[in-house]
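A.B. asks: Okay, structure incoming, though there's no sequence with it:
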């Protein structure tokens, strides 16, 4: 196991960003998109000094012999003295880890999962830190703890009763009127790479696609519901709070179109 | 330099808590208070398995030969697999670091500092994570980056224009009517150990002490303003946004009463 010095600011303050990238047949999937989000985070944190071309090369090399796996890259602000001040720290530390592909039951993708509602913690509004994947993830840890024992995934709300995302995935609903909706990720939440891919494909297919606030009742009223992330791909939801859903044909089509980008 | 494995959840998610403790003449100051806040954090994060008696012993030993210094302890949820789920991880990792006492100019304590107003980032409301010192500190990092070049300390606000605290310290104002006020730490901010000590001493001295919301104008209207933390002790503020302050006699008295707990 690799190690890092304990004065690393990723440990001290969560001062860094990360990406989780699916690997198939030696290729990191949607690599450019992941690198673009990583760079967004680096800019938001004013974390300087990373050679993105070198990082890309390292990531390609790390997984070139891997048939199926998950590549995780963490970039921290590197070592620092005591104190929050990040100014003048321009030697980031890069950590690359390759794991086997997770073995989720195949029926999660084919028949759907049970989704719950997380009530113990809500996502705070912090527009400055929303969207990209930084290392401050206690909200997700606590949400996941609540979800783990009961459901395959849990919906997390903000303080205004909007459902924002899953503990580790983004939310989409497909309404009775055939509108595809996902919540905005501007004040909290993560702008998933697979979410962006779904939005792109759905627009290309001329579906009616909207980014708008959703509440629990909107999810309950939906025709189909599904969750996405870079590792799971697209999981339909078969049940949420005693409501049962079908998998709409157009959602199955989307799932097939996503295949090249999924494990 | 000590190191930790890269699968530590403190690095991955900021999944842990920490304390910074001043050391004088071989003694960690206000150790019981720091350990109590640490325990509060462990409970909030449901981070189990730490032997607090052993930790206390380790901290006492670590600094027994140190005349003046700063002890930092980090407790993470230890190593974990990929994924947010914390359930079942009951082997926390403890990291103890001893640093020399910082060399702040002595006039910061005697004549006061220049305080600014941080405008680039605000503290998010997250009552579940407020008060204790967890490892998700990006808000403080970004606030400190703004503050560093201009002032000795910067006030940070919430989204409702309340001033909550400094980037690394707690705020107190002493009004023209001799009321000592510090903002509540219920939705965001850190419940400083030195802040609690000031509140205790001021109440013992029968001062009129209140915990209530403050705005920028309240700070500007104050007779005296000061900042506290466990390492700096009490720093009076001499200037904030072109407003100049005197150091009230009762604030100087408080500062003297705090001496046993300060470097």
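C.D. replies: Done, it's in. Source: prediction; values computed, not measured. Numbers count the residues shown, from 1 in each chain, chains lettered A, B, ... in the order given.
A.B. asks: only C-alpha atoms for contact and neighbour calcs from this point on.
C.D. replies: Fine.
A.B. asks: any chance you could map the strands in chain A?
C.D. replies: A:3-5, A:16-24, A:27-28, A:68-76, A:93-100, A:113-117, A:153-157, A:163-166, A:170-174, A:179-182, A:208-211, A:224-229, A:233-240, A:243-244 (DSSP state E).
A.B. asks: Chain B is nearest to which of those strands?
C.D. replies: strand A:3-5 (4.1 Å; CA to the nearest CA).
A.B. asks: Can you give me the buried ones in that closest one?
C.D. replies: The neighbour-count check on strand A:3-5 (16 or more other CA atoms under 10 Å in any protein chain shown) flags residue A:4 as buried.
A.B. asks: What residues does the residue nearest to residue A:31 when sequence neighbours are not counted make contact with?
C.D. replies: Leaving aside its sequence neighbours, residue A:31 sits nearest to residue A:21 (CA to CA, 6 or more residues apart in numbering or on different chains; 7.2 Å). Going by CA atoms under 8 Å, 6 or more residues apart in numbering or on different chains, residue A:21 touches A:28, A:29, A:30, A:31, A:34, A:70, A:71, A:72, A:230, A:231.
A.B. asks: Tabulate those in JSON lines, adding columns for neighbour count, distance to residue A:64 and pLDDT.
C.D. replies: Below are those laid out as JSON lines (neighbours: other CA atoms under 10 Å in any protein chain shown; distance: CA to CA, whole Å; pLDDT from 0 to 100):
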{"residue": "A:28", "neighbour count": "26", "distance to residue A:64": "9", "pLDDT": "98"}
{"residue": "A:29", "neighbour count": "21", "distance to residue A:64": "12", "pLDDT": "98"}
{"residue": "A:30", "neighbour count": "18", "distance to residue A:64": "15", "pLDDT": "98"}
{"residue": "A:31", "neighbour count": "18", "distance to residue A:64": "13", "pLDDT": "98"}
{"residue": "A:34", "neighbour count": "20", "distance to residue A:64": "17", "pLDDT": "98"}
{"residue": "A:70", "neighbour count": "24", "distance to residue A:64": "12", "pLDDT": "97"}
{"residue": "A:71", "neighbour count": "24", "distance to residue A:64": "11", "pLDDT": "97"}
{"residue": "A:72", "neighbour count": "17", "distance to residue A:64": "14", "pLDDT": "98"}
{"residue": "A:230", "neighbour count": "25", "distance to residue A:64": "18", "pLDDT": "97"}
{"residue": "A:231", "neighbour count": "22", "distance to residue A:64": "18", "pLDDT": "97"}
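A.B. asks: dump the residue contacts of residue A:169.
C.D. replies: Contacts here follow CA under 8 Å, 6+ apart; on that basis residue A:169 touches A:192, A:227, A:228, A:229.
A.B. asks: pLDDT score for it?
C.D. replies: In this model, residue A:169 is scored at 98, pLDDT.
A.B. asks: re earlier: mind giving me CSV with the strands of chain A and columns for distance to residue B:182?
C.D. replies: Below are these laid out as CSV (distance: least, CA to CA, whole Å):
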stretch, distance to residue B:182
strand A:3-5, 37
strand A:16-24, 32
strand A:27-28, 51
strand A:68-76, 34
strand A:93-100, 39
strand A:113-117, 37
strand A:153-157, 31
strand A:163-166, 34
strand A:170-174, 40
strand A:179-182, 41
strand A:208-211, 41
strand A:224-229, 43
strand A:233-240, 44
strand A:243-244, 48
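A.B. asks: so which of these comes closest to residue B:66?
C.D. replies: Closest approach to residue B:66 among the strands of chain A is made by strand A:3-5 (22.9 Å; CA to CA).
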